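> Task: produce atomic coordinates for the following.
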Amino acid sequence: MKFTESSSVELKVILNADFKKEIVAFANSDGGTIYVGISDDGKVVGVKNADTEMEKISSIIHDAIHPDLIPFTNIEQIELDGKKIIKVSVSKGGRPPYHLIEKGLRPSGVYIRHGVASVPASEEQIRDMIRETDGVVYDKSRSMNQELTFNYAADYFAKKEVSFTDKNKFTLGIIDCDGCFTNTGLLISDQCDFTIKCAVFEGEGKLVFKTRKEFAGSILKQLEDSFEFINLANNLHADIKGLDRVETYDYPPYAIREALLNTIIHRDYNFSGSTIINIYSNRIEFISLGGLVKGLTIQDILHGASQTRNTVIANIFYRLRLVESYGTGLQRILETYSGKKEQPTIEPLPSSFIVTLPKIQHTIEKINFSEDNSVKNKILSLFNQKDYITRKDVQTVMNCSSFPARNIINQLISENRIKLVGQGRSIKYILSNKQEEI
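Take a look at the predicted model:
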């Protein structure tokens, strides 16, 4: 029998460091056979202790290669020319890419057969194998980075009182059935290689740049950090409506929250770019990569239809009580602007999705104190219990800020109903017909 190396045959005199690479290469290609005890020129030299060598081979397949290749391999001892050799048959595996555990899912750990050699697979070849095996759904596919830590996620889950054991990681889709981290695991991990970029501009265009910030790490951390950054530009206004003091923001906080969650959960992570948030003087733009999920229109979404691109990620955010179980985020954004002159815009493009929140224009409804005797009577009634009052007392009665309080005080003084005594921080007000005994 003549032995010759080929795309499906590998000859080894003895076990060496490259042996496990040959097994991985055959499993990732079309299978093949490795003979141990035969030289490169096809000469049978034999194996001295075949049983011991076969145990070593079994350990290599079990301990050094992932996913499990045992069902796709067979190890046997045969005798040729009175000498014992080992035949290792490797079938094409059912869950490629197979890789060396110590190297991970990268070219240095993934090999394929090319002619008579076993060579490292390129990153694109590795991605193709993952897509072929796991499908094209990003968040369910295996991550090429298997050296992940979850320090921030563990603290976040604990804060939300959600278990984060290995069993839960499997249930949540962070770990797959082979024990590999998925891309969801990558996104939740401290090593997440996607970012959110926030920029603040002067005015309504991009000519004058004020500041920018890029947030990295777990998408849970990016969510918290970017939400805090955006809120720095969300000014609080105290408007007077009748006798009530109503506090409102430039942008409804709930709308900001939903728009931000939408950019993280529904973006297409097959694109490597960052999520972009642009803050202008009159609006905030949330730009996420990836257009609408195939088959949906913007009208479908606005009428309640929902098809999540990243179901695993969406489920985790639901478990963490960050989102509702139904895709109502965009509808709720619109509801927060109900009755407002300004309205959000939702713009699906071929490769991106833009949600723009307009700044709410605030107008203060001023009280005509000269005609509102009930307000003045409330202030004057304070003298039934007190010899003097302060501006703080007036603010408390009116439930207002200092400006309208001073306004009504000045009117009462001009009408000679009260008068000012003291100075500086000691200023007080007494009835005009009362002696100054303060």
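> The residue nearest the centre of the chain: what's its closest spatial neighbour, skipping adjacent residues?
What sits nearest the mean C-alpha location of the chain, by CA atoms, centre = their mean, is Ile219, with 2.8 Å. Nearest-residue entry for Ile219: Leu187, 4.9 Å, with adjacent residues in sequence omitted and distances by CB to CB, 6 or more residues apart in numbering. Bear in mind the C-beta positions are built from the backbone N, C-alpha and C, glycine included.
> Pretty sure the residue nearest to the centre of the chain sits against Ile188.
Yes - the pair Ile219 / Ile188 is scored as a contact, 6.6 Å apart, by CB atoms under 8 Å.
> would you list every one of the strands in the stretch 51-200 of the chain?
With DSSP state E, counting those that start in this stretch as the criterion, the stretch 51-200 of the chain has strands at 65-66, 73-80, 83-90, 99-100, 111-114, 117-120, 196-202.
> Just say which of those strands is most tucked in.
Comparing those by mean neighbour count (mean count of other CB atoms under 10 Å), strand 99-100 comes out on top with a mean of 24.
> tell me what it is packed against?
Secondary-structure packing of strand 99-100 (3 or more CB pairs under 8 Å, 6 or more residues apart in numbering; DSSP states H and E): helix 19-28, strand 65-66.
> So this protein: which segments form each domain?
Domain ranges of the chain: 9-133, 196-358, 369-431, per automatic domain parsing.
> With mean pLDDT and distance to Thr171 as added columns, please give those in TSV.
Below are the domains of the chain laid out as TSV (pLDDT from 0 to 100; distance: least, CB to CB, whole Å):
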stretch	mean pLDDT	distance to Thr171
domain 9-133	93	19
domain 196-358	87	9
domain 369-431	81	50
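> Of those, give the one that comes closest to Asn151.
domain 196-358 (8.5 Å; CB to CB).
> ok so, going back, out of the helices and strands packed on strand 99-100, nearest to Phe170?
Counting by CB to CB, Phe170 lies closest to strand 65-66 out of the helices and strands packed on strand 99-100; the figure is 15.6 Å.
> Other residues contacting the helix or strand hosting Ala259?
Element membership for Ala259 (DSSP states H and E) is helix 253-265. When contacts are defined by CB atoms under 8 Å, 6 or more residues apart in numbering, helix 253-265 is touched by residues 196, 219, 222-223, 226-227, 230-231, 234, 275, 277, 284, 286-288, 308, 310, 313-314, 317, 322-323, 329-330, 332-333, 336-337, 344, 353, 355, 357.
> One more: stretch 195-211?
By CB under 8 Å, 6+ apart, the list of residues contacting stretch 195-211 reads 212-216, 222, 225-226, 229-230, 233, 263-264, 274-283.
> start to end distance for that stretch?
17 Å (CA to CA, to the nearest Å).
> wait, what's in contact with the residue nearest to Lys56 when sequence neighbours are not counted?
Leaving aside its chain neighbours, Lys56 sits nearest to Leu15 (6.0 Å; criterion: CB to CB, 6+ apart). Contacts here follow CB under 8 Å, 6+ apart; on that basis Leu15 touches 36, 53, 56-57.
> among those residues, who's most crowded?
Among the contacts of Leu15, the one with the most neighbours (other CB atoms under 10 Å) is Val36, at 27 neighbours.
> Report the beta-bridge partners for it.
Beta-bridge pairing of Val36 under DSSP bridges involves Lys12, Ile86.
> tell me the contacts of it?
12-15, 19, 47, 53, 57, 85-86, 88.
> change it to 7 Å
Val36 sits next to 12, 14-15, 47, 53, 85-86 when contact means CB atoms under 7 Å, 6 or more residues apart in numbering.
> ok, which pair from those is furthest apart?
Leu15 and Ile85 (12.3 Å).
> Contacts for stretch 417-425 next, please.
380, 412-413, 427-432, 436, 438.
> err, stretch 309-324, not the other one
Stretch 309-324 is contacted from outside by 138-140, 160, 162, 172-173, 184, 187, 261, 265-266, 268, 290, 293, 308, 325, 329, using CB under 7 Å, 6+ apart.
> out of those residues, which are buried?
Among these, those classed as buried by 16 or more other CB atoms under 10 Å are 138-140, 172-173, 184, 187, 261, 265-266, 268, 290, 293, 329.
> Serialize those residues to CSV and add fields for distance to Val397.
Putting the buried ones among the contacts of stretch 309-324 into CSV (distance: CB to CB, whole Å) gives the following:
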residue, distance to Val397
Tyr138, 59
Asp139, 57
Lys140, 61
Leu172, 54
Gly173, 57
Thr184, 56
Leu187, 53
Leu261, 42
Ile265, 47
His266, 49
Asp268, 56
Gly290, 55
Val293, 56
Gly329, 42
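> Among the residues you listed, which are located in helices?
Secondary structure from DSSP state H places 172, 184, 187, 261, 265, 329 of the buried ones among the contacts of stretch 309-324 in helices.
> can you put those in TSV and add distance to Gln423?
Formatted as TSV, those follow (distance: CB to CB, whole Å):
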residue	distance to Gln423
Leu172	66
Thr184	67
Leu187	63
Leu261	54
Ile265	60
Gly329	56
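> of all these, which comes closest to Asn145?
Among these, Leu187 lies closest to Asn145 (CB to CB), at 11.0 Å.
> What's the separation between the closest one and Asn235?
Leu187 sits 32 Å away from Asn235, going by CB to CB, to the nearest Å.
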